[in-house]
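# Curious how this folds, go ahead:
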Amino acid sequence: MNSSSIFSAISSLLIIKLGGIGDVLLATPVIENLKKSFPHLQIDILTERAAVDVVKGNEWINDVIPFKRKKDSAFSLIKKVKAKEYDGVIDLYANPRTALITRLSGAKYRIGFPFRGRGYAYNIQVLPRSGEVHNVDFNLDVLRKLNVSIAHSNPHFSLSSDELQFAEQWIQKENLVDQKLIGINPSGGWYTKKWKLESFAQLADQISDWKGWKILFFGD
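Okay, here's the model as predicted:
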């Protein structure tokens, strides 16, 4: 499949990426590479409300469509997406709900991963390598399928000038200027992603002893 023949015919593109904050962040290289290869593209993203802050200031995104699991129905999302009249949809989440949204979006080009029972939604299918590669590469496989140049693979978290100023002032206040900092968030939703607090503490001690870095713990 030739990317130029597809993206030259696309002016508006929706990227669907639900999931947690980290999942959405690891999808940002797809957006950056697409925008830099095809600057004319108007790229929107459909994501969960909890992850909106990850992408709302992203310079390569035109609009963010927020989704709240317990409030927004698949029907309401389909209606909202269809009204936008996208030329193309890239479904990076590919669960039954997002597959249905993609299929009924009205887009000419529907790109996604044909997991069991979901292949019907996509007329351009990408072989999923979940569990085999890092999630960034899993997402970027969509671009590889379409021969899009991949020049950037680092996730991008946009910060406003106010947010940067707040961080700089806090670092100065805590006497951490010119210190090497590493953040640890001792939390996780899934059982397989949870770790004992004692283990996080041991990890922090080892990093501090090894590198002399200052450790910042995040959480609620």
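
# any idea of the pLDDT on residue 185?
pLDDT recorded at residue 185 is 86.

# Residue 2 too?
Residue 2 is assigned a pLDDT of 59 by the prediction.

# Nearest residue to residue 100 in space, ignoring adjacent ones along the chain?
Computed as Cβ to Cβ, 6 or more residues apart in numbering, the closest residue to residue 100 that is not its neighbour in sequence is residue 74, at 5.9 Å. Bear in mind the C-beta positions are built from the backbone N, C-alpha and C, glycine included.

# From residue 106, how far out is residue 152?
30 Å (Cβ to Cβ, to the nearest Å).

# Dump the helix or strand hosting residue 110 to CSV, restricted to CA.
Element membership for residue 110, per DSSP states H and E: strand 109-112. Backbone C-alpha positions of strand 109-112 (Å, rounded to 0.1, in the frame of the first residue of the first chain) are rendered in CSV as follows:
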residue,chain,number,x,y,z
TYR,A,109,-9.7,4.7,4.7
ARG,A,110,-10.1,2.7,7.9
ILE,A,111,-6.8,1.4,9.4
GLY,A,112,-6.4,-0.9,12.4
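
# and the lengthiest helix in the chain, what other elements does it pack with?
Scanning the chain for the helix with the most residues, using DSSP state H, yields helix 197-211. Where contact means 3 or more Cβ pairs under 8 Å, 6 or more residues apart in numbering; DSSP states H and E, helix 197-211 is packed against strand 181-184, strand 214-217.

# Quick check: nearest residue in space to the residue nearest the centre of the chain, chain neighbours excluded?
The centre of the chain sits closest to residue 24, judged by Cα atoms, centre = their mean, with a distance of 2.3 Å. Excluding its sequence neighbours, the residue lying closest to residue 24 (Cβ to Cβ, 6+ apart) is residue 51, at 4.1 Å.

# returning to what we had before: tell me which helix or strand comes right after the strand holding residue 110.
Downstream of strand 109-112, the first helix or strand assigned by DSSP H and E is strand 124-125.

# ok, residues contacting that next one?
Applying Cβ atoms under 8 Å, 6 or more residues apart in numbering, the contact partners of strand 124-125 are 1, 6, 109-114, 119, 145-146.

# likewise stretch 103-112?
Contact partners of stretch 103-112, identified using Cβ under 8 Å, 6+ apart, comprise 6, 9-10, 14, 78, 81-82, 85-92, 94, 98-99, 102, 118, 120-126, 142, 145-146.
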